[in-house]
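J.: Mind looking at a prediction? Sequence and model below.
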Amino acid sequence: MSSADHGPVGEPGRHRAADPTDAETRYVGPVRVRREQPPDTRQTTDRRFLEWVDPRDNTLRAERTMRDSWRVLRIQSEFVAGFDAMSEVAEAVTVFGSSRIIPGSEEFELGIRLGWALGEAGYAVITGGGPGAMEAANRGAWESGTKSIGLNIELPFEQHLNEWVDTGMHFRYFFVRKTMFVKYAQAFVCLPGGFGTLDEMFEALTLVQTKKVVRFPIVLIGRNHWSGLIDWMRDVLLAKRMISADDLDLLHVVDEPSEAVEIIAAARAGRADR
Ligand SMILES: C/C(=C\CNc1ncnc2c1ncn2[C@@H]1O[C@H](COP(=O)(O)O)[C@@H](O)[C@H]1O)CO
């Protein structure tokens, strides 16, 4: 609900400023707002949500509280839409990876082979629905005939679902989308990637480390890309006892999609034994 949805300008329940010369005064619910910021077309929902507001300014604080209360309903509706869209997903694997690799590159081909191998093994493939490794994995999945899912996110520039997605959603809130990545998958596979991929990989790793999700393999494909990070975890984090040796075993580093599928299938078999 935007401020325009709240409508009244001036006094609650009225559409004109109480003082017609005071055109900048408006109400958000019962809250009077005097200073309007010019609209910023590069704003995203997440950015507005996370933006710092000075609580010492009573007007701004009251406005933030009001907006956040309404925002909860939008967040809730995004969860509901996500649960509905994903309710029929059975065995699935979420694939992360760089949004910047280009079709025709070796890493793009690797992504296609991964999506295809997962599909052949009976898994639906879930990605962020964007370009690069996401597109590659969706393409491989599509070509294998499995379900190809893309969970896109609002960014400050225009976003499109890649053309290989058959079930797509567009999220405004990062954390809602991230819940879907985990809730409907039995494993994560990370192709080479940058900050976004690292964020997703570490979130998954923390969920497994803290046993929020169990028997959930995390496979990193591309030894060249990942080995430096693994070395640092061992040489620095483990050496300083900031992680335990078992924690390092939570990550499987491989080169080939077929190896990733084997690891995931073994974990699935383990789940069936319980
Ligand atoms: C920057 C570019 C496109 C951005 N589009 C994205 N669409 C959907 N999901 C995205 C996008 N960018 C990042 N992600 C998510 O993060 C991971 C990749 O991040 P990285 O920093 O590129 O490694 C990916 O798994 C997505 O979930 C290019 O034009």
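T.: The structure has been received and is ready for your questions.
J.: what does the protein have sitting close to the ligand?
T.: 96-100, 128-131, 134, 152-153, 155, 159, 193-197, 200 (C-beta under 6 Å from any ligand atom). (C-beta placed from N, C-alpha, C; glycine too.)
J.: May I see the buried residues of the longest helix along the chain?
T.: When the chain is parsed with DSSP state H, its longest helix is helix 58-86. Neighbour-count burial for helix 58-86 flags 62-64, 66-67, 71, 75, 78-79, 82, 85-86 (criterion: 16 or more other C-beta atoms under 10 Å).
J.: hang on, the earlier thing: so which of the residues of the chain next to the ligand are in strands?
T.: In this view, the residues of the chain next to the ligand that belong to strands under DSSP state E are 96, 152-153.
J.: Give me the distance from the longest helix of the chain to the chain's centre.
T.: Here helix 58-86 is found 17 Å from its chain centre; the criterion is C-alpha atoms, centre = their mean, to the nearest Å.
J.: just checking, what packs against that helix?
T.: Secondary-structure packing of helix 58-86 (3 or more C-beta pairs under 8 Å, 6 or more residues apart in numbering; DSSP states H and E): strand 26-28, strand 31-33, helix 45-50, strand 167-171, helix 174-183.
J.: Mind doing that once more with 10 Å?
T.: Identification of packing neighbours for helix 58-86 by 3 or more C-beta pairs under 10 Å, 6 or more residues apart in numbering; DSSP states H and E yields helix 3-6, strand 26-28, strand 31-33, helix 45-50, strand 148-153, strand 167-171, helix 174-183.
J.: looking at the ones you listed, which is buried most?
T.: strand 148-153 (a mean of 24; mean count of other C-beta atoms under 10 Å).
J.: relative orientation of that strand and helix 174-183 in degrees?
T.: Angle, strand 148-153 to helix 174-183, by axes from the mean of the first three to the mean of the last three C-alpha atoms, to 10 degrees: 160 degrees.
J.: packing partners for strand 148-153?
T.: Counting by 3+ C-beta pairs under 10 Å, 6+ apart, strand 148-153 packs on helix 58-86, strand 92-96, strand 124-127, helix 133-144, strand 167-171, helix 174-183.
J.: With distance to Arg113 added, can I get the ones you listed in JSON lines?
T.: Shown next, in JSON lines, are these (distance: least, C-beta to C-beta, whole Å):
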{"stretch": "helix 58-86", "distance to Arg113": "25"}
{"stretch": "strand 92-96", "distance to Arg113": "12"}
{"stretch": "strand 124-127", "distance to Arg113": "12"}
{"stretch": "helix 133-144", "distance to Arg113": "6"}
{"stretch": "strand 167-171", "distance to Arg113": "22"}
{"stretch": "helix 174-183", "distance to Arg113": "21"}
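J.: For those, give me a markdown table that also has mean pLDDT.
T.: Below are these laid out as a markdown table (pLDDT from 0 to 100):
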| stretch | mean pLDDT |
| --- | --- |
| helix 58-86 | 90 |
| strand 92-96 | 98 |
| strand 124-127 | 98 |
| helix 133-144 | 98 |
| strand 167-171 | 94 |
| helix 174-183 | 95 |
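J.: roughly how far apart are the residue in the stretch 151-274 of the chain that the ligand sits nearest to and Ser98?
T.: Nearest residue of the stretch 151-274 of the chain to the ligand (C-beta to the nearest ligand atom) works out as Gly196 at 2.1 Å. Gly196 is 8 Å from Ser98, where distance means C-beta to C-beta, to the nearest Å.
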